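Asker: Here is the input, now give the coordinates:
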Amino acid sequence: MSACQDTYNDFARDLYDVATRNDTSPSCIPSTNAIISPISIQTSLMLAFVGAAGRTEDELRTGLKLGPGDRQEIAKSYHDFWTQMCNYGAKMTLKSVNRLFVNHKLKLQQEFKDLSEDYFKSQPVPVNFADANAATQQINAIVEQATENKIRDLLQPDAVNAATSAILINALYFKGLFQKPFTPESTMLDDFYLDEQARIAVDMMYQEDKFKYAELPELNARAVALPYEDSDISLLILLPNKICGLPELEHRLANLSLANNIDRHMQMEDVEIALPKFTIEYDLDLKDTLQQLGISELFGDAANLSRLFEEATGQKISAAKHRGYIDVNEAGSEAAAVTFLKVVPMSLNMQKKTFKVDHPFMFFIRNSKAVFFAGRFVAPLRKELLVPSPAPGASDSMRNQMEDTSVD
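Answerer: Have a look, this model is predicted:
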């Protein structure tokens, strides 16, 4: 693995751990679905790194795991990476939008402006933060346009005021077509277990084909990878063996490498997959998250952004927000009318693996180079369908008794 891959994957692991570690409900299952883009967050913060100096620069270099190299070398490496990754073609959309909104009273240094345009393709936007309503409307409109109307109302007016020097925004959008799509005709309602006491009905997609699959006893979990068409990117699903095993899986994975501990175990197998359709939109306060990663001076009165503004002192980043969006369905809307038929011999496959994703799980959209998205799915949004349920494997009499007493 290259140094760049270490940088991307190590930061992804640490960021996911920090961003999600405190989100656990009384049932010991995380309470919210989540999706973040570690590589996109890391890239967007290059704008702050390029404008920082002194201890602020050192904190960003260490916290973002940037390694050696001057500011231009690091900015160029990330620019080259994203230039390659964002050109997969019409069948995949991988869009990361970075914007730096600057107080209109402050003047940016020419070197910073040049680096921003050359490597981030982003002209910093001047904003009158004193007019909070107009400022947030301006920011939200730009983000909405850049994300095909998927990211709306990112900031509320109380996020800024006259003292705000700058706001760093990162928004992302992803949609891809599976190389081996699910057939919409096979999708049906099935149970998804929120915990050992409750379940909910979900639209469950089904298919059987050859996929990369692994059993991971050290994680007490299993994994399957669903490749996306016209790319080297896959949706990696990590499914705990236990219904309530997600917290344990996340804890163990915080100290492990996906490449070293999962990829090397993956082999092509005949797998019967059941996967719920899901859509997630998730907001993350980057300020709090980054402070837990050791990046704190950037947001305080000791911040050194002397390479960002012509004013050498007294400036800081007041807020950093991140919103992730993902939609996973049978094939993507572009292929909704396509009928996919696969003819297979009518024989019993004793070697077939069954991978039914019917309880909380982790997922990663990634290739060998980086983690683009990391997240968890713990529950559908329609919680009004929630009914008591025994765990899988309970006796038929127990299951029937609980279903007879449930409320329609």
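Asker: low-scoring stretches of the stretch 301-408 of the chain, by residue?
Answerer: Flagging of the stretch 301-408 of the chain using pLDDT under 70 yields the residue ranges 312-314, 331-351, 381-408.
Asker: go again using 50 as the cut-off
Answerer: Within the stretch 301-408 of the chain, the segments meeting pLDDT under 50 span 332-349, 383-391, 393-408.
Asker: hey, where'd the helices end up in it?
Answerer: 396-405 (DSSP state H, counting those that start in this stretch).
Asker: Same check on the chain?
Answerer: With DSSP state H, the ranges of helices along the chain come out as 3-20, 38-44, 46-51, 54-63, 71-85, 110-120, 132-146, 246-253, 258-261, 286-292, 396-405.
Asker: Take those helices and lay them out in JSON lines including distance to Glu196 and mean neighbour count.
Answerer: C-betas here are computed from N, CA, C, even on glycine. Formatted as JSON lines, the helices of the chain follow (distance: least, CB to CB, whole Å; neighbours: other CB atoms under 10 Å):
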{"stretch": "helix 3-20", "distance to Glu196": "21", "mean neighbour count": "20"}
{"stretch": "helix 38-44", "distance to Glu196": "31", "mean neighbour count": "25"}
{"stretch": "helix 46-51", "distance to Glu196": "44", "mean neighbour count": "24"}
{"stretch": "helix 54-63", "distance to Glu196": "38", "mean neighbour count": "19"}
{"stretch": "helix 71-85", "distance to Glu196": "40", "mean neighbour count": "16"}
{"stretch": "helix 110-120", "distance to Glu196": "47", "mean neighbour count": "16"}
{"stretch": "helix 132-146", "distance to Glu196": "40", "mean neighbour count": "17"}
{"stretch": "helix 246-253", "distance to Glu196": "12", "mean neighbour count": "19"}
{"stretch": "helix 258-261", "distance to Glu196": "27", "mean neighbour count": "15"}
{"stretch": "helix 286-292", "distance to Glu196": "30", "mean neighbour count": "19"}
{"stretch": "helix 396-405", "distance to Glu196": "12", "mean neighbour count": "11"}
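Asker: I'd like to know which of the ones you listed is closest to Pro380.
Answerer: Closest to Pro380 of the helices of the chain, according to CB to CB: helix 246-253, at 15.4 Å.
Asker: what's the offset of the closest one from the middle of its chain?
Answerer: With CA atoms, centre = their mean, to the nearest Å as the basis, helix 246-253 stands 17 Å off its chain's centre.
Asker: Quick one: list the elements packing against it.
Answerer: Applying 3 or more CB pairs under 8 Å, 6 or more residues apart in numbering; DSSP states H and E, we find helix 246-253 packed against helix 3-20, strand 234-240, strand 361-366.
Asker: What's the mean pLDDT across the longest one?
Answerer: The one in question is helix 3-20. What helix 3-20 shows for mean pLDDT is 80.
Asker: Need the contact partners of it.
Answerer: Outside helix 3-20, the residues within contact range by CB atoms under 8 Å, 6 or more residues apart in numbering are 1, 30, 34, 36, 38-39, 41-42, 64-67, 77, 81, 250, 253-254, 256-259, 284, 289, 292-293, 368-371, 374, 376.
Asker: Can you check what angle separates it from helix 71-85?
Answerer: 80 degrees (axes from the mean of the first three to the mean of the last three CA atoms, to 10 degrees).
Asker: Likewise for the shortest one?
Answerer: With the same axes, to 10 degrees defining the directions, strand 361-366 sits at 100 degrees from helix 71-85.
Asker: Which single strand of the chain contains the most residues?
Answerer: Counting residues, the longest strand found in the chain (DSSP state E) is strand 198-216.
Asker: Now the terminal residues of stretch 61-68, how far apart.
Answerer: One end of stretch 61-68 sits 9 Å from the other (CA to CA, to the nearest Å).
Asker: wait, what's in contact with Phe174?
Answerer: 93-95, 325-326, 365, 372-373.
Asker: rerun at 7 Å
Answerer: Counting by CB atoms under 7 Å, 6 or more residues apart in numbering, Phe174 makes contact with 93-94, 326, 365, 373.
Asker: Now neighbour count too, for those, in a markdown table please.
Answerer: Listed next are the contacts of Phe174 as a markdown table, based on neighbours: other CB atoms under 10 Å:
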| residue | neighbour count |
| --- | --- |
| Thr93 | 15 |
| Leu94 | 22 |
| Ile326 | 24 |
| Ile365 | 22 |
| Phe373 | 24 |
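Asker: Just put these in JSON lines and tack on distance to Met188.
Answerer: Shown next, in JSON lines, are the contacts of Phe174 (distance: CB to CB, whole Å):
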{"residue": "Thr93", "distance to Met188": "28"}
{"residue": "Leu94", "distance to Met188": "30"}
{"residue": "Ile326", "distance to Met188": "22"}
{"residue": "Ile365", "distance to Met188": "25"}
{"residue": "Phe373", "distance to Met188": "27"}
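Asker: of the residues you listed, closest to Phe211?
Answerer: Using CB to CB, Ile365 comes nearest to Phe211 of the contacts of Phe174, at 15.4 Å.
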